[in-house]
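[1] Show me how the following folds:
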Amino acid sequence: MEFDSKPYEGTEERLVRLTIEEESLWRCYRLTIPWEFKTEKGAPPVPSLYFEEWKKEGDILAESETLSHVRLELDKLFENNFFLIEQFPFELYTKIKKTELSHFCIMPRHIKQAVYLLIQQGKIVIRNKGGRYIFQQYK
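    Numbering: from 1, shown residues only. Model prediction:
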């Protein structure tokens, strides 16, 4: 590959960035690079920096099961007054991760979605304490 020699100015530490957009049936990957490809005659074609991947049917079912498991565990924690005391996101993650079954792979995004549901229902609130976010039961 040949690149143009234009200088790149930016504040980002990473020169190459991968952005992944999750949709219900597919994932979109976009590579961002600070260089421009030469487009003159005789130069190789410019590669695509955008890719799509369809999720497998099993992936969608596993995601759904994992998310419902996380919601169930969060509801149990809420019923047991777990959120009366301020909870940091990592503490919440480790507490729910311990309940993970062998066929689940609990990721932070699952907990995020379930916590947002509790926030929408008005059960818990998110606060900033000392520059860190905490979750607490709505009083």
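[2] all contacts plus neighbour counts: C-alpha atoms, from now on.
    Will do.
[3] looking only at pLDDT, what's the mean for the strand or helix carrying Q136?
    Using DSSP states H and E, the element containing Q136 is strand 132-137. The average pLDDT within strand 132-137 is 90.
[4] Tell me the buried residues in the one helix or strand E63 maps to?
    Using DSSP H and E, E63 maps to helix 57-79. Within helix 57-79, the residues scored as buried using 16 or more other Cα atoms under 10 Å are 63, 66-67, 69-71, 73-75, 78.
[5] biggest separation within these, which pair?
    Maximum pairwise distance among those (Cα to Cα): 22.3 Å, between E63 and F78.
[6] thinking again about what came up before, can you pull out the residues in contact with the strand holding Q136?
    With Cα atoms under 8 Å, 6 or more residues apart in numbering as the test, strand 132-137 has contacts from 78, 81, 83-89, 123-128.
[7] Next, the angle from it to helix 57-79.
    70 degrees (axes from the mean of the first three to the mean of the last three Cα atoms, to 10 degrees).
[8] Specify the local secondary structure of the residue nearest the centre of the chain.
    In the chain, the residue lying closest to the centroid (Cα atoms, centre = their mean) is R109, at 4.6 Å. At R109 the chain is in helix, as set by DSSP: H, G, I helix; E, B strand; the rest coil.
[9] Direction included, what does the worst-scoring helix or strand of the chain on mean pLDDT pair against?
    None of the helices or strands of the chain scores lower by mean pLDDT, DSSP states H and E than strand 50-54, at a mean of 81. Here strand 50-54 is paired, per DSSP bridges, with strand 26-32 (antiparallel).
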